[in-house]
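[1] Sequence first, then the predicted structure:
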Amino acid sequence: MIKHIVMWKLVDAAEAPRFKEILDTCKGIVPGMREFEVAVRADGLEANHDVALYAVFDDAASLQAYIVHPSHQDVVAKLPARASRSVFDYAV
């Protein structure tokens with residue numbers, strides 16, 4: 001099983017809800033995706049990023065299928081401007 005965590009700092013933090021809405025369209029686009037959750041920074045809670053994605057895949061092949069999937073690529077092109085992106089993938 002592969003866990004995939006991505007976090008973004010946006011150029012305009014006010015775009016976070018729209019960013020989440022766009023990312024949410026990727027849920028379930030490939031076989032082997034077990035979990036998919038997108039969250040935005042919440043007032044009163046500590047966060048160094050504006051948006052976070054947590055996904056779980058059966059294996060590295062299903063993660064790779066997600067990364068190259070045309071729907072995912074389309075979503076990446078539509079996302080509001082990002083100042084930075086951090087990724088952490090790990091096997092469990």
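    Perfect, thanks for sending it. Model, not experiment: these values are computed from the prediction. Numbers count the residues shown, from 1 in each chain.

[2] Work out which residue lies at the spatial centre of the chain.
    The chain has residue 53 as the residue nearest its centroid, 3.5 Å off, counting by Cα atoms, centre = their mean.

[3] tell me the contacts of the residue of the chain most remote from its centre?
    Relative to the centre of the chain, the most outlying C-alpha is that of residue 44, 22.2 Å out, by Cα atoms, centre = their mean. Contacts for residue 44 (Cβ atoms under 8 Å, 6 or more residues apart in numbering) come out as none. In short, each C-beta sits where N, CA and C put it, glycine included.

[4] Over to it: give its phi and psi.
    phi 90, psi -10 (degrees, to the nearest 10).

[5] quick one on the thing from earlier: who's in contact with the residue nearest to the centre of the chain?
    Contacts of residue 53 by Cβ under 8 Å, 6+ apart are 4, 5, 6, 7, 23, 36, 37, 38.

[6] Please indicate which of these has the highest neighbour count?
    Neighbour counts for those (other Cβ atoms under 10 Å) peak at residue 23, which has 22 neighbours.

[7] returning to what we had before: switch the contacts of residue 53 over to JSON lines; also include pLDDT, distance to residue 16 and secondary structure.
    Putting the contacts of residue 53 into JSON lines (pLDDT from 0 to 100; distance: Cβ to Cβ, whole Å; DSSP: H, G, I helix; E, B strand; the rest coil) gives the following:
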{"residue": "4", "pLDDT": "98", "distance to residue 16": "19", "secondary structure": "strand"}
{"residue": "5", "pLDDT": "98", "distance to residue 16": "17", "secondary structure": "strand"}
{"residue": "6", "pLDDT": "98", "distance to residue 16": "14", "secondary structure": "strand"}
{"residue": "7", "pLDDT": "98", "distance to residue 16": "12", "secondary structure": "strand"}
{"residue": "23", "pLDDT": "97", "distance to residue 16": "10", "secondary structure": "helix"}
{"residue": "36", "pLDDT": "98", "distance to residue 16": "17", "secondary structure": "strand"}
{"residue": "37", "pLDDT": "98", "distance to residue 16": "15", "secondary structure": "strand"}
{"residue": "38", "pLDDT": "98", "distance to residue 16": "10", "secondary structure": "strand"}
